[in-house]
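S.K.: need a 3D model of the sequence below.
(chains A and B)
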Amino acid sequence: MFTTKSFIKKNKIGNFLKNVREHYIRDDIYCGVPTCNKCKNVSTSNLSSAHVNKCSLFKFNHFIILDTNIILDQIDVLEEPFICNVIILYTVLKEVKHRSLPIYKQLNAIIENPSRHFYVFINDHHKDTYLLESEGELINDYNDRCIRKACSWYINHLPEAKFVFITDDNNNRKLAIEENIPACSITDYVKHLDSSSLLEDKLSRKDHGPKEGIDIFPPHLSHGQLLKGVKEGPLHQGTFRASRDNFLEGFVNVEGYEDSVLLQGRNGLNRAVDGDIVAVKIFKKDDWVCPSGIILEDEGVSGENIEDVEEKEKALKKSQITQNNSEIRPTGRVVGIIRRKWRQYCGILQGASEGLFQIFVPADRSIPKIRIETRQGEFLKSQKFIVTIDSWPRYSRYPHGHFVRALGRIGSQETENEVVLLEHDVPHSQFSEEVLNCLPKLPWIITEEDEKKRVDLRSIDICSVDPPGCTDIDDALHCRPVDGKLEVGVHIADVSHFIRPGTAIDLEAASRATTVYLVNKRIDMVPELLSSNLCSLRGGEERFAFSCIWEMDHEANILNTRFHKSIIKSKRAMTYEEAQLTIDDKTKTDSLAESLRNLNKLAKILKKRRLDNGALVLASTEVKILMDSETMEPLDVEAKKMFETNSMVEEFMLLANISVAQKILQDFPDCAMLRRHPTPPASNFEPLVKAGKHLGFDIQIDCGKNLATSLDNAVKHDNPYLNTMLRMLATRCMLQAVYFASGTLQKEDYFHYGLAVPLYTHFTSPIRRYADVIVHRLLAVSCGSDCTYPDLLDKQKTTDLCQNLNYRNRMAQYAGRASVAFNTHLFFKGKLNDEEGYILYVRKNALQILIPKYGLECTLYLVKKGEESLFEYNEEDQTQRAGNVVLHTFDPVTVRLKLDSTNIQHEKFTLQLVKPFIEGFSVSPMNELESNKMDVDSTPKINKKRKSENSKSSKKNKPK
Amino acid sequence: MSRKKELLSRVGLRLDGRRADELRRIRCKLGVFTQPDGSAYIEQGLTKVLAAVYGPHQVRSKQKAQHDTCIINTQFSMAVFSTNERKKRPRGDRKSTELSMHLQQALLAVIKTELYPWSQIDVYVEVLHGDGGIYPACVNAATLAIIDAGIPIKEYVCACTASLGNNDIPMLDVSHQEEVIGGPTLTVAALPMSGKIVLMEMSQRFHLDHLPKVLDKALEGCKDIKAILDEAVKNHVREMGSSTGWANTTS
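M.R.: Next comes the predicted model:
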C-alpha cells in the first residue's frame, strides 16, 4: 500500500543534532478533480466541474493552483467568493501555517466551505510529486520546485482539464512558464476577472512601482541583524505600544529595564505600529528624556507632506527642555520590526482628498492613518469600513493598506455596535443551525427520571433578586430557620444540564466565553431559549438548579455545606428595589419577607467580616443609559443606583463561589478552574500614593488590609467625593483577575487580592459566563450527579480554555465600555451643559476631569493653540496656578460640557472651565449667559450663589 | 508551541505521511548470528533492534535453579549511539532494568517453561536505533529469536503502541516525534491469537472514555504485527528448508 523513504534533517535544539524522520510516500492520494477517471473519486474533494472560473487572460475554464505568497498577502481577495476551484498544495499549506497562524485559520475556513470548491492536494506524500531536497538548496527554492512539480503533474495527469498557477514571485513565475505551466500574477488575474472592480480594492500591493519622493524614515535592519543584535545585547526586543494621546510617542517594554523604553518622533518610532514586536536600540543615559505629557494629534491630510510632522516634532523637543529630571525614562529608537502584528482596523475616510488614493483614519487612536487605493471613494465617504495594512515603505508617511469590507453608515447605532464588536473581537454572528439543533424541544417538561435524580426544593420559598428588566436570571436565594439555625441556599441555574460537553452548542459557548452587554444589545453566550427561558429562574416556574446550601448560625458561621442538583420553583423574581422595599416594609411578615430580612442580616455580618479580612472596596463610575424603546436613542444617563440588597445578593454569591472553589479544588487538585487576582506590584500604586501624599494622606500599599484601612481613613469633610476618587485611582492600580487551572500554579498564587480570599472561582452566572459552566461540571462530578469527560480533566486543555476566557472577558468589558461611551456621546449631541466635576489628574497642559454624574472622564486643555499659557505648572505638587487660583488634584470644579463633532470618528468632549473663574480663560455659568451680562468680578457672585444654594437646602431640611 | 502541532492533519495524514491506523514499515530477519541458538533483527520504522537467545542451558548459579521450570534471563540494552543525544551508559540504568523485567514478563507468558526444569534461557536485546516504540520492537524481536532458537512457545507474543491524535482519534505505532508532541501513549504486549493481554503500560493517564478505543487499536496492531512476523518466520523456514530440499517436499 505504501513505499517508504526516509530523509535526513538537521535540526537545531541548542546544539546541533541530527534528526532522522521517516517520510512515507503514498500511492493512494488522488487529484480530487471530479472528471478524472484515473484516480478514485475522493469524497473530501470540493472541486466542482460545474463552476467556471472566468478570467479573460485565459480562454478556457481552469483550476487554480496558488503559491504561498498569494495566500499570505491576498487572503482578503481569496475570502471573496469569486475565486473558486482552487487546489491548495500541502507544501503551501504547511508554509502558510508556519508563517502566519491567523491566515492559516482563515484559509482553513475557506477550504472547509464546500461552496468555494477548494481542495488540498498532499503533494509531498504523493509518489509522483515528491521531490528530494537537493544539496545546498534553499528551503524556499525547494518549496517552489515542489509547487511547480505538482503543477506539471496535474497538467500531465489531466490533459483535458486546464490549470493555472498564480504567483507573485517573479522568479517562480518565470520558471513556471519555462516549464510550460500557465502562470500569472494575482494583480493580472484579478484585473481580468469579470468582477474585478470590487476585488481590485482588496488587492494588497507589495510592488509600489518606482519610489515616490525621498525617504522620510530611516531604514530597518535586516532580520538576521536584528536577531543577532537582540541576542548579543545592543538591541532589545519588546512589544510596541503607541501612545493614544501623542502620535509621535510610544513605549516598549523590554527585559532588563524596569520602566518601559520611551520612543519619540518619526525616527524613534520608525514605522512601528501598535502591537508590533520591535527591536529597539537604547540611547546613552545622557540622551534619556521623560515622556512629554503633551497631547499631539496627527492632522496630516495627504500622504506626502511631512512639514506638519516636523513642526510637531519640534514642539515635542521644546517641551523636553523645560522638564526636570525626575521622570526620565530610558529612551531609544526602533531599529527594526521583528514581527508585525497588523490586524484589521475599523475606521473612516478622511474626507479631504480626491482620486484613487485616500487616507483612512482608524477608530483606534493608537493606530496611524493608512493610505489606501480605492475606486469607490464617494461611497466610502459615508461608511465605516475595515482596512488592513500591507506595507510601510520608507518614503511614505503613512502605511499602505487595502479596503476589506464596509460595515455600514457612519453614526448609525447598528454600525457603531458592529464596530465595537469587531474592534473587540466579539463573536457575534447568529447561532448556527447545528447549535440550535442542540436545544431541547419545546414544550419542555420535567420527567420522573429528572425528579429521581434531583432534590425537590419546589416547596421552599425561593426568590431571585436582580436588576430591573433582567431576563437571564441565573441565581435565586432562600433562607429558613431549621432547629434554631438558619438554612441558607443559593440556587444557580443548571446550565450544564442543557449544554453537554463536546456538542456544537458547548463549543460555541466556549468560544464566546461570555455574554456581552452593549447599551442596547445583548450578545448571548447561549441561545435565547436557554438564556431567557429554560435556564432563567423565572418567578413561579419550575426550573432545574444547582444548589449550594449552608447551615449557618445567627452569627453567619458556616456549620455545614451541601451541594446538589435540585428542582426549584422561584416564588418571585424581584428587583433590587422591590426587595429593598419588602425588607423595609415592617408590615410585611410573610415567609419571603422574613427570609429576605434574615439574608440581609447575615449578609451584613459576612460583609463586615470580609472587610475586616482586608477585602478592598473599590469604586468605578458605572452608569446606566436609559433608552427610548422606540427610537433607540438615549434619553438620560445616570449613575447606577445601589441598594442594600445589591450587596446582599453579592455577599451570598461570593460565599457560594468560595465554597464551590474549596470543594472543586479538593476533588480536582490538578484541573479545577479557579479565579485569582494577583497582588499588583508596588510600582502600580505610584499614582495613588502620590495623589495621597499631595493631600496629606499616607496610603499604605504593603498589603491589602493596610491599603483598605488607609483608604478608609482618607476622608476630607469638605470634599466627600474625594474618598471615592481615591478608590477609583486604587481600582486603576489593580491587575486583572484571571481564570486558571489549579494545577498550573503554586498554592500561594491562588490568592484573590481584591476579595482577600485564598480561593475563589465563578459559579453563580453560568448563563452568561462559560467558566461557570465548567465549574458546574466539575462540581457535578464531585457530588456524583454527572460523569467526567476527557477535556475536563486535562490540565493543558483547561489552561488553553482559561486563556480564551480571560481574553474574551477583557474584550467584553472593553466593548461594554465603548458602547456606553458612544451612547453618552449620542446623548450629549447638541447639548450644552454645566456639570460638576473633579480634577482627577493634573497634567502639564491639561486637566483630567471626572464628571461622576455621567461617569465621564474628559480632558480640559489649559493652553490653546498658539497662545501663551495663563497657567503655571508645578510638577512637585501637581498643581496648576493662574493668578491666585490654584488647581489641585481632586478639587471640585464646574465645567461646561460640549460635544465636538468636527471629527465624526472621534467625537470628543470639549470642556470649558466655569468654576473657579479665571480671568481670560473661564466662561461664565449657563444661567447667567441668558442675561448676557459679563460680570467682571465674578468671584463674589459664585459665593453668593453658593450661599443661596445653601440656604435653599437648609430651608428644605427644616420642615423635617 | 510544539503542543499546538496537530498530530493528524485535516486530510487524515500523520506527520510522517501515515494514516492513523497504519503501522510503520516492519522489516525483519531471523538467524542473523550463528553463535547464539537463536537470533533476529527487526526494524519498525527507524527503530532497529537485535535479539539473541542462548539456551536452554544449564543454570549458572545453582541456587537459582528451579526444579519444575526454567529461568528466563533477559537483558535489555541500548547502544549509546541509538538516540539523538549520545547515551552515557548502554544498560543498567533504571529504565533499562525496567524494560528487562517487562520483557521477561512477556516472554514468561508464552514460553513453555515447564519443559525445561533446572535450566535457563538467556535473551539479549540490543537497540541499535530508537525512534519510538522501543519496547514493542524488543518484544517482537525476542519472539522471533526464540522461534529461531526452536524453543516451544504457546503462541506469538507481539507488542504495539497506540496514542491519541487530536485528542480523539486513536493512532497506531507512534514514532518518537509523535511521542514527544502528543499526549499519553499506551503500550500493549498481547497474545494476538487468544487475545490475551500480557502487559499494558500507559505513559500518562488516559481518560476512561478514550482507553477502550485506544486499547482496541493497539490490539489490532498486535494482530497485524503477528501476521507480518508469521510471514517472516514462514519465509525463513522455507529458505532454510530449501537448502536441504525439505521445503519443496512439504509445500
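S.K.: hey, let's count contacts and neighbours off CA atoms from now on
M.R.: Will do.
S.K.: chain center to the lengthiest helix in chain A, what's the gap?
M.R.: Counting by DSSP state H, the longest helix found in chain A is helix A:795-828. Chain-centre distance of helix A:795-828: 5 Å, with CA atoms, centre = their mean, to the nearest Å.
S.K.: check stretch A:747-761 too.
M.R.: 24 Å.
S.K.: any buried residues in the longest helix of chain A, and which?
M.R.: A:795-796, A:798-799, A:801-802, A:804-806, A:808-828 (16 or more other CA atoms under 10 Å in any protein chain shown).
S.K.: assign the residue in the stretch 101-250 of chain B positioned nearest to chain A to helix, strand or coil.
M.R.: Using CA to the nearest CA, the closest approach of the stretch 101-250 of chain B to chain A is made by B:His207 at 5.1 Å. Three-state call for B:His207 (DSSP: H, G, I helix; E, B strand; the rest coil): coil.
S.K.: can you count the residues close to it?
M.R.: 16 (other CA atoms under 10 Å in any protein chain shown).
S.K.: do the same with A:Leu616
M.R.: Around A:Leu616 there are 24 residues (other CA under 10 Å).
S.K.: what's the burial count for the closest residue to chain B within the stretch 751-900 of chain A?
M.R.: Proximity of the stretch 751-900 of chain A to chain B (CA to the nearest CA) peaks at A:Pro790, 5.1 Å away. The tally of other residues near A:Pro790 (other CA under 10 Å) stands at 15.
S.K.: per-residue confidence for the closest residue to it other than its chain neighbours?
M.R.: Counting by CA to CA, 6 or more residues apart in numbering or on different chains, B:His207 is the residue found nearest to A:Pro790 once chain neighbours are left out, at 5.1 Å. Listed pLDDT for B:His207 reads 82.
S.K.: list the contacts of B:His207.
M.R.: Counting by CA atoms under 8 Å, 6 or more residues apart in numbering or on different chains, B:His207 makes contact with A:789-790, A:793.
S.K.: give the bridge partners for the residue of the stretch 251-400 of chain A found nearest chain B, please.
M.R.: Closest residue of the stretch 251-400 of chain A to chain B, CA to the nearest CA: A:Arg339 (16.6 Å). Assessed by DSSP bridges, A:Arg339 has beta-bridge partners A:Ile277.
S.K.: next, count neighbours for it.
M.R.: 13.
S.K.: before we move on, what about A:Arg732?
M.R.: 17.
S.K.: quick check, pLDDT for it.
M.R.: pLDDT, read off for A:Arg732, is 81.
S.K.: how about the nearest residue to A:Thr910, chain neighbours excluded?
M.R.: In space, A:Thr910 is closest to A:Lys898, 5.4 Å off (CA to CA, 6+ apart).
S.K.: hmm, I typed the wrong one, I wanted A:Glu907.
M.R.: A:Ser901 (4.9 Å).
S.K.: that neighbour is in contact with A:Gly830, isn't it?
M.R.: No: shown here, A:Ser901 and A:Gly830 do not form a contact pair, counting by CA atoms under 8 Å, at 9.3 Å.
S.K.: more neighbours, the two?
M.R.: Legend: neighbour count by other CA under 10 Å for A:Ser901 and A:Gly830, higher for A:Ser901 (15 against 12).
S.K.: separation between the more buried one and A:Asp712?
M.R.: Per CA to CA, to the nearest Å, A:Ser901 is found 41 Å from A:Asp712.
S.K.: gap between the two ends of stretch A:526-539?
M.R.: Termini of stretch A:526-539 sit 21 Å apart (CA to CA).
S.K.: what comes into contact with it?
M.R.: So stretch A:526-539 is contacted by A:431, A:436, A:439, A:463-464, A:471-476, A:493-495, A:505, A:509, A:524, A:543-544, A:569-573, A:767-768 (CA under 8 Å, 6+ apart).
S.K.: of those residues, buried ones?
M.R.: The buried subset of the contacts of stretch A:526-539 - by 16+ other CA under 10 Å - is A:439, A:463-464, A:471-476, A:493-495, A:505, A:509, A:524, A:543-544, A:569-573, A:767-768.
S.K.: which bits of chain B sit near chain A?
M.R.: Within chain B, the positions near chain A by CA under 8 Å from any CA of the partner chain are B:11, B:16-18, B:25, B:45-46, B:84-85, B:206-210.
S.K.: mind putting those in CSV, distance to A:Asn520 and secondary structure included?
M.R.: As requested, those are exported to CSV (distance: CA to CA, whole Å; DSSP: H, G, I helix; E, B strand; the rest coil):
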residue, distance to A:Asn520, secondary structure
B:Val11, 44, coil
B:Asp16, 53, coil
B:Gly17, 52, coil
B:Arg18, 53, coil
B:Arg25, 63, coil
B:Gly45, 62, coil
B:Leu46, 63, coil
B:Asn84, 61, coil
B:Glu85, 62, coil
B:Phe206, 47, coil
B:His207, 44, coil
B:Leu208, 46, coil
B:Asp209, 44, coil
B:His210, 45, coil
